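Undergrad: Generate coordinates for the sequence data below:
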Amino acid sequence: MTIVKASPWLTIAVLVALLVGAGMMALALGSVSVPLQEIVTLLLHQLHVTDDGGWTSTHAAVILQVRLPRVLMAGLVGGGLALSGTVMQGIFHNPMADPGLLGVSSGAALGAVLTLHLSLATQHYLLLPALAFLGGLMAAATVYGMATSGGKTPVATLLLSGIAVSSFNVALTSFVLSISRESVLREILFWLMGGLEASTWEHVRLSAPIVLVGAAVVCLFARDLDILLYGEQRALTLGVDAQRCRHLLLFLATALTAVVVCFSGTVGFVGLVVPHMLRLLVGPGHQRLLPASFLGGATFLVLADLTARVLVRPQELRLGVITAFVGVPFFLYLLRANRRILEPL
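TA: Residues are numbered from 1 along each chain as shown. Reported below is the predicted structural model:
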């Protein structure tokens, strides 16, 4: 299939507009519909651009206390996962790599399940994301430790270690589920299916600086990521220490994934679908692909979360269910499109 590419920077400008539009839709729609004019006036007032007036107190509470932090978290989670997926696919030279490749998602899930099983989340509302974050980092550190030998980390060994650690984490999670009380099972299962209904301004304040700074640092390594595609020897001749660069980028991608997953729960396929689609639109160059993936991932998850909220209202679907409905068919397409690469394996 031939795709006619528009100007990459025009595509990024369109993605910014789509993200703003998706955000406004997510703020307007729900169990209580709010006119767009009220939303714009209210947001401008919060930025000290306009005076009071033009909205009701009920609508102001719905937008500022419920929907706005949720929309911002959806953007941060989607952008972080898509950016991490882009880095993973670039490092491993594999369009089917995703942020969960190194066991981060399964480790975060295990940390969250243990927290809920032991009722630790009732002691402080930040304990759940904190221990999920710790679980994700510990899983990634274990993978690195198993794969590294003599100061080198072969890609194949890293992938196999990630599979092993993820499988072990899934087994432990299943064991904890089997011995958990019925009163906490529903809460555990809801977290495992992913969701942003519990998003607060505190979550935004904690995650936004890490995600945005981490994303900016990753984008600074766009040229190095392009050079890594040519192999280690070529990278050395161009002045790039491939091992050091790979380790740093993997650390940044792992940290981004751990930060967003600890607040959202397990949300699959964002880091798989979005980078591949944006690569078709802006090309393989990471200077454009990285920011485009962040914006595309943010837009995708804002729309997915909106769909989860309104599709069967007044009930709410889990966010992970929506992303899976989109991601699974796309994953099957990738398997078919890359069957020539996979056949020797």
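
Undergrad: can you pull the contacts of L118?
TA: Residues near L118 by C-beta atoms under 8 Å, 6 or more residues apart in numbering: none. C-betas here are computed from N, CA, C, even on glycine.

Undergrad: switch to 10 Å and redo it
TA: Listed by C-beta atoms under 10 Å, 6 or more residues apart in numbering, the contact set of L118 reads 127, 131, 176, 180, 184.

Undergrad: Among the residues you listed, which lie within helices?
TA: Among those, the members found in helices (DSSP state H) are 127, 131, 176, 184.

Undergrad: Out of the residues you listed, which two sit at the greatest distance?
TA: Farthest pair in these (C-beta to C-beta) is L127 and V176. Separation: 16.3 Å.

Undergrad: How about residues contacting stretch 319-331?
TA: Contact with stretch 319-331 is made by 74, 77-78, 81, 96, 98, 190-197, 264-274, 276-277, 300-301, 303-309, 311, 317-318, as judged by C-beta under 10 Å, 6+ apart.

Undergrad: quick one: buried residues of that stretch?
TA: Of the residues in stretch 319-331, 319-324, 326-327, 331 count as buried by neighbour count, 16 or more other C-beta atoms under 10 Å.

Undergrad: Buried members of the ones in helices among the contacts of L118 into PyMOL, please.
TA: Restricted to buried positions by 16+ other C-beta under 10 Å, the PyMOL selection for the ones in helices among the contacts of L118 reads:
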select buried, resi 131+176+184
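
Undergrad: on that earlier part again, just the buried ones from the contacts of stretch 319-331?
TA: Buried residues within the contacts of stretch 319-331, counting neighbours by 16+ other C-beta under 10 Å: 74, 77-78, 81, 96, 98, 190-196, 264-274, 276, 300-301, 303-309, 317-318.

Undergrad: and the residue sitting nearest the centre point of the chain, what helix or strand is that in?
TA: Geometric centre of the chain, nearest residue: L81, 2.3 Å, by C-alpha atoms, centre = their mean. Secondary structure from DSSP states H and E places L81 in helix 68-92.

Undergrad: continuing past that helix, what's the next helix or strand?
TA: Following helix 68-92 toward the C-terminus (DSSP H and E): helix 104-117.

Undergrad: Who are the packing partners of that following helix?
TA: With contacts taken as 3 or more C-beta pairs under 10 Å, 6 or more residues apart in numbering; DSSP states H and E, helix 104-117 sits against helix 127-147, helix 155-179, helix 182-192, helix 242-264.

Undergrad: And for P209, the neighbour number?
TA: Using other C-beta atoms under 10 Å, the number of residues around P209 comes to 11.

Undergrad: can you pull the buried residues of the helix or strand in which it is found?
TA: Counting by DSSP H and E, the element that carries P209 is helix 201-220. Across helix 201-220, burial judged by 16+ other C-beta under 10 Å covers 203-204, 206-207, 210-211, 214-215, 218-219.

Undergrad: Extract the C-alpha trace of that helix and format it as PDB.
TA: What follows is helix 201-220, C-alpha atoms only, in PDB (Å, rounded to 0.1, in the frame of the first residue of the first chain):
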ATOM      1  CA  TRP A 201      -4.900  17.100  40.100                       C
ATOM      2  CA  GLU A 202      -2.400  15.500  42.400                       C
ATOM      3  CA  HIS A 203      -1.800  12.800  39.800                       C
ATOM      4  CA  VAL A 204      -1.300  15.500  37.100                       C
ATOM      5  CA  ARG A 205       1.100  17.400  39.300                       C
ATOM      6  CA  LEU A 206       3.200  14.300  40.000                       C
ATOM      7  CA  SER A 207       3.300  12.800  36.500                       C
ATOM      8  CA  ALA A 208       3.300  15.900  34.200                       C
ATOM      9  CA  PRO A 209       6.800  17.100  35.100                       C
ATOM     10  CA  ILE A 210       8.300  13.600  34.700                       C
ATOM     11  CA  VAL A 211       6.600  12.800  31.500                       C
ATOM     12  CA  LEU A 212       7.100  16.100  29.800                       C
ATOM     13  CA  VAL A 213      10.800  16.500  30.800                       C
ATOM     14  CA  GLY A 214      11.400  12.800  30.000                       C
ATOM     15  CA  ALA A 215       9.800  13.300  26.600                       C
ATOM     16  CA  ALA A 216      11.900  16.400  25.900                       C
ATOM     17  CA  VAL A 217      15.100  14.500  26.800                       C
ATOM     18  CA  VAL A 218      14.100  11.600  24.600                       C
ATOM     19  CA  CYS A 219      13.600  14.000  21.600                       C
ATOM     20  CA  LEU A 220      17.100  15.300  22.100                       C
END
